[in-house]
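Peer 1: Sequence plus the predicted model coming up.
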Amino acid sequence: MEINKMGNYFEDFVVGQQIFHAQSKTIFESDNNIFSLLTMNHHPVHTNLDYCENNLHGKILVPGTLVFCLSVHLSVMDISGKAIANLEYGTINHLLPTFINDTIYSRTEILNKRESNSKNDRGIVHVETTGFNQHKEDVISFQRKILIKKRPNEK
């Protein structure tokens, strides 16, 4: 049995590689409500069924920032578990709406990597993560750069 590891070292990432992350999460009504309350997102499209039934989607829409957070965190075991820091998030695209009881999965493509200019024990990995639902429809994509430890010298 292989012991569960948290993240990968800089050397483990291969440019062009696609990683389908093992974890997933169904978004329940309670998740939507708690997230909306915690983030003070009180727009009725996220919290008022009567309002939603008379608007575009006809049902409650999950906040895109919740879908973003889930997609990031579903990738941690593979991508940023050995991170020193997340340096940059960018190019966030909300592709399709997400609703209560949708299940979110994610996959990540390694776009680029380079060694640190200032410290030789780390490097920067540039990735694009895509969150998709149970119908295999992409719902969000975003890029980020992560400062990741290099494999320790074994003595």
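Peer 2: Perfect, thanks for sending it.

Peer 1: To which secondary structure element is Asp31 assigned?
Peer 2: helix 29-38 (DSSP states H and E).

Peer 1: What is that helix packed up against?
Peer 2: The contact analysis (3 or more C-beta pairs under 8 Å, 6 or more residues apart in numbering; DSSP states H and E) places helix 29-38 against helix 44-47, helix 64-74. In this view, the C-beta of every residue, glycine as well, is placed from N, C-alpha and C.

Peer 1: any residues touching the last one, and which ones?
Peer 2: For helix 64-74, the external contacting residues (C-beta atoms under 8 Å, 6 or more residues apart in numbering) are 21, 23-25, 27, 31-32, 35, 39, 41, 92, 94, 98, 104-106, 129-131, 139-140, 142, 144.

Peer 1: And it, what's buried?
Peer 2: Judged by neighbour count (16 or more other C-beta atoms under 10 Å), helix 64-74 contains these buried residues: Gly64, Leu66, Val67, Phe68, Leu70, Ser71, Val72, Leu74.

Peer 1: related to what we said a few turns ago, let's have the helices and strands packed on helix 29-38 in JSON lines, adding distance to Ala85.
Peer 2: What follows is the helices and strands packed on helix 29-38, written out as JSON lines (distance: least, C-beta to C-beta, whole Å):
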{"stretch": "helix 44-47", "distance to Ala85": "31"}
{"stretch": "helix 64-74", "distance to Ala85": "14"}
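
Peer 1: Of all those helices, which one is nearest Ile110?
Peer 2: With C-beta to C-beta as the criterion, Ile110 lies closest to helix 64-74 of the helices and strands packed on helix 29-38, at 15.7 Å.
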